[in-house]
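J.: Okay, sequence plus prediction incoming.
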Amino acid sequence: MTTYSPEVECSMQKFYESLSEKDRRRYAAVEAAKLGHGGKAYVARLFGCDPDTVAAGEIDIDRLPDEEAPGRVRKKGRSKES
């Protein structure tokens, strides 16, 4: 299994810490999937979370809605010509 450099790991950890709990699970799951076999354990150690948290993120991702922009955070903007 490939691992990330210490510099990349540090950036990933900072980004992970900035996320909500739900988004942390999902991010951990995506990173683990990219790494393949052993990725879940590596990512769990890297982020200091339980491997079950990574597994929960996988389930979250599988259940994501198919709609384009569910629960938008920002309102759709108006054109400047309006």
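T.: Arrived safely, thanks for sending.

J.: residues in contact with the residue nearest the centre of the chain?
T.: For the chain, the residue whose C-alpha lies nearest the mean C-alpha position (CA atoms, centre = their mean) is Tyr27; its distance is 1.0 Å. Residues in contact with Tyr27, defined by CB atoms under 8 Å, 6 or more residues apart in numbering, are Phe15, Tyr16, Leu19, Gly57. Yep, even glycine has a C-beta here, placed from its N, CA and C like the rest.

J.: rerun at 10 Å
T.: Tyr27 makes contact with Met12, Phe15, Tyr16, Leu19, Val43, Phe47, Val54, Gly57, Ile61 under the criterion CB atoms under 10 Å, 6 or more residues apart in numbering.

J.: Could you report the pLDDT at it?
T.: What the model reports as pLDDT for Tyr27 is 98.

J.: Grab the longest helix from the chain for me.
T.: helix 21-35 (DSSP state H).

J.: pretty sure Glu21 contacts Thr53?
T.: Yes - contact criterion CB atoms under 10 Å: Glu21 and Thr53 qualify, at 9.1 Å.

J.: higher neighbour count, the two?
T.: Per other CB atoms under 10 Å, whichever of Glu21 and Thr53 has more neighbours is Thr53, with 18 against 8.

J.: pretty sure the more buried one contacts Ala29?
T.: Yes - look at Thr53 against Ala29 with CB under 10 Å: they come within range, at 8.8 Å.

J.: which neighbours do those two share?
T.: Counting by CB under 10 Å, 6+ apart, the shared contacts of Thr53 and Ala29 are Lys40, Val43.
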